[in-house]
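In: only the shape, not the letters, is given here:
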Ligand SMILES: [Ca+2]
Ligand SMILES: [Ca+2]
């Protein structure tokens, strides 16, 4: 749609206030009359609040490939606004404003609508949000497009399910600044026990909750949604990877070197090695933690998010599909419709460099739970209505 629209804007000549359609014959009516009819129908549909049908009428006009009056862009822009497609609405209204009579009533209205769009799309989105029930902090992740996945031999090793690298775009969303903590989870299940790893405890107030299944994590999101009225959920796998990369395209948000991990992530490191020796393969640095660290103990990534890599693995919303990247939609993918396993991401306190990468995909059965697996929550940006 956007492509058609932009092409139309580029090739058309705008005639302000008049019909200005080039002559071309059809079997039935002249195309300019056809265009007028489509526009009249579109306006009727807008009156009836049938915005999708109106959109189709505007597309019919574009398909005629003729010069159109500037007022076309006004009505098309108003309809895009009703569909909450703010980007195209803005482009269309600007096109109208640049080519119309400034004394017309549509001009004044278009200016007001453009002001509304700029308020709704920028000022009204706070960069942080704190949930009052749990004190959980969220960061606004501005949407955009990125290359999801990794080349088949990232770090010289082969991985399953990470290719093909493909472009994915996600809308703005809010994501937990930290992994959900034991304290936050126990507001839902007061007796939850995150357990320990031999003699190292995992139950600290600010340590991330672990030993939670996908069903537990999803249940927590539903519980908190009911309490707060927000639509909390686990992030989609695409949202998670977009957020974890924090604007980078390297294997890890701090770069490609696993041995630089210890300022940024709690991973299998020399601290763990000193206690357990060859039981674990490690990053060659010391982060100071044998098991989980209190959330936010390390440097954040470029989006202000902590522990996206390391500390604990994080459940995502999606079913796991090993071949999914070959057929994934570009816009806001949500994973396969069905599956056996749910995705989790990011690696944890006992993992070696192969697993602590932005592109690495792990999966477990939805009922599975262990001492390295937790989660964080997301919620969508609420689009405000424009008059
Ligand atoms: Ca560690
Ligand atoms: Ca993590």
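Out: Received the coordinates, thanks. No experiment lies behind these values; they were computed from the predicted model shown. Numbers count the residues shown, from 1 in each chain. Ligands and ions are numbered 1, 2, ... in the order given.

In: how about residue 144: what's its closest non-neighbour residue?
Out: residue 169 (6.7 Å; Cβ to Cβ, 6 or more residues apart in numbering). Where you see a C-beta, it was placed from the backbone N, CA and C, and this is true even at glycine.

In: help me confirm that that neighbour is found in a helix?
Out: No. Assigned with DSSP: H, G, I helix; E, B strand; the rest coil, residue 169 falls outside any helix and is strand.

In: next, count neighbours for it.
Out: 16 (other Cβ atoms under 10 Å).

In: wait, it sits on residue 148?
Out: No. The criterion here is Cβ atoms under 8 Å, and residue 169 misses it with residue 148 at 9.8 Å.

In: list, one by one, the residues from the stretch 201-350 of the chain near ligand 2.
Out: 307, 311, 346 (Cβ under 5 Å from the ion).

In: can you tell me which of those residues lies closest to ligand 1?
Out: residue 311 (8.6 Å; Cβ to the ion).

In: what about that closest one, neighbour count?
Out: Neighbourhood size, residue 311 [other Cβ under 10 Å]: 32.

In: quick one: contacts for it?
Out: Contacts for residue 311 were tallied using Cβ atoms under 8 Å, 6 or more residues apart in numbering; they are 179, 208, 265-266, 292-293, 295, 298, 348-349, 374.

In: and for it, nearest residue in space, chain neighbours not counted?
Out: Nearest non-adjacent residue to residue 311, counting by Cβ to Cβ, 6+ apart: residue 266, 4.6 Å away.

In: I figured the one you found was touching residue 292, is that so?
Out: Yes. Residue 266 is within contact range of residue 292, at 7.0 Å (criterion: Cβ under 8 Å).

In: overlap in contacts of the two?
Out: By Cβ under 8 Å, 6+ apart, residue 266 and residue 292 have these common neighbours: 311, 349.

In: thinking again about what came up before, tell me which of the contacts of residue 311 fall in strands.
Out: Of the positions in the contacts of residue 311, residue 374 sit in strands, assigned by DSSP state E.

In: would you map the strands across this protein?
Out: Under DSSP E, the chain gives strands at 14-15, 68-69, 128-130, 137-141, 144-148, 166-170, 173-176, 196-197, 200-201, 313-319, 342-345, 361-364, 373-374, 378-380.

In: make JSON lines out of those and add mean pLDDT.
Out: Listed next are these as JSON lines, based on pLDDT from 0 to 100:
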{"stretch": "strand 14-15", "mean pLDDT": "40"}
{"stretch": "strand 68-69", "mean pLDDT": "88"}
{"stretch": "strand 128-130", "mean pLDDT": "96"}
{"stretch": "strand 137-141", "mean pLDDT": "97"}
{"stretch": "strand 144-148", "mean pLDDT": "95"}
{"stretch": "strand 166-170", "mean pLDDT": "95"}
{"stretch": "strand 173-176", "mean pLDDT": "97"}
{"stretch": "strand 196-197", "mean pLDDT": "96"}
{"stretch": "strand 200-201", "mean pLDDT": "98"}
{"stretch": "strand 313-319", "mean pLDDT": "98"}
{"stretch": "strand 342-345", "mean pLDDT": "98"}
{"stretch": "strand 361-364", "mean pLDDT": "98"}
{"stretch": "strand 373-374", "mean pLDDT": "98"}
{"stretch": "strand 378-380", "mean pLDDT": "96"}
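
In: can you redo the ones you listed as CSV with distance to ligand 1?
Out: Conversion of the strands of the chain to CSV gives the following (distance: least, Cβ to the ion, whole Å):
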stretch, distance to ligand 1
strand 14-15, 62
strand 68-69, 63
strand 128-130, 28
strand 137-141, 23
strand 144-148, 27
strand 166-170, 30
strand 173-176, 21
strand 196-197, 11
strand 200-201, 11
strand 313-319, 14
strand 342-345, 18
strand 361-364, 18
strand 373-374, 15
strand 378-380, 26
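
In: beta-bridge partners for residue 379, please?
Out: Residue 379 forms beta bridges with residue 174, as assigned by DSSP bridges.

In: is it true that it touches residue 234?
Out: No. Residue 379 is beyond contact range of residue 234, at 10.6 Å (criterion: Cβ under 8 Å).

In: the two: which is more packed in?
Out: More neighbours surround residue 234 than the other of residue 379 and residue 234, with 25 against 21 (other Cβ under 10 Å).

In: state the number of residues packed around residue 33.
Out: 13.

In: separation between it and ligand 1?
Out: 73 Å (Cβ to the ion, to the nearest Å).

In: let me know the pLDDT of that residue.
Out: You'll see residue 33 listed with a pLDDT of 92.

In: and residue 256, how many residues sit next to it?
Out: Using other Cβ under 10 Å: residue 256 sits among 12 other residues.

In: for residue 144, list each beta-bridge partner.
Out: According to DSSP bridges, beta-bridge pairing links residue 144 with residue 170.

In: how about the contacts made by it?
Out: Taking Cβ under 8 Å, 6+ apart, we find residue 144 in contact with 169-170, 242.

In: out of those residues, which comes closest to residue 62?
Out: residue 169 (23.2 Å; Cβ to Cβ).

In: give the contact list for that closest one.
Out: For residue 169, the contacting residues are 143-146, 330-332, by Cβ under 8 Å, 6+ apart.

In: buried among these? Need that as a selection in ChimeraX.
Out: To isolate the buried members of those in ChimeraX, using 16 or more other Cβ atoms under 10 Å:
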select :146
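
In: on that earlier part again, can you list the contacts of residue 311 in JSON lines and add distance to residue 78?
Out: Listed next are the contacts of residue 311 as JSON lines, based on distance: Cβ to Cβ, whole Å:
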{"residue": "179", "distance to residue 78": "44"}
{"residue": "208", "distance to residue 78": "48"}
{"residue": "265", "distance to residue 78": "49"}
{"residue": "266", "distance to residue 78": "52"}
{"residue": "292", "distance to residue 78": "53"}
{"residue": "293", "distance to residue 78": "52"}
{"residue": "295", "distance to residue 78": "46"}
{"residue": "298", "distance to residue 78": "49"}
{"residue": "348", "distance to residue 78": "51"}
{"residue": "349", "distance to residue 78": "54"}
{"residue": "374", "distance to residue 78": "46"}
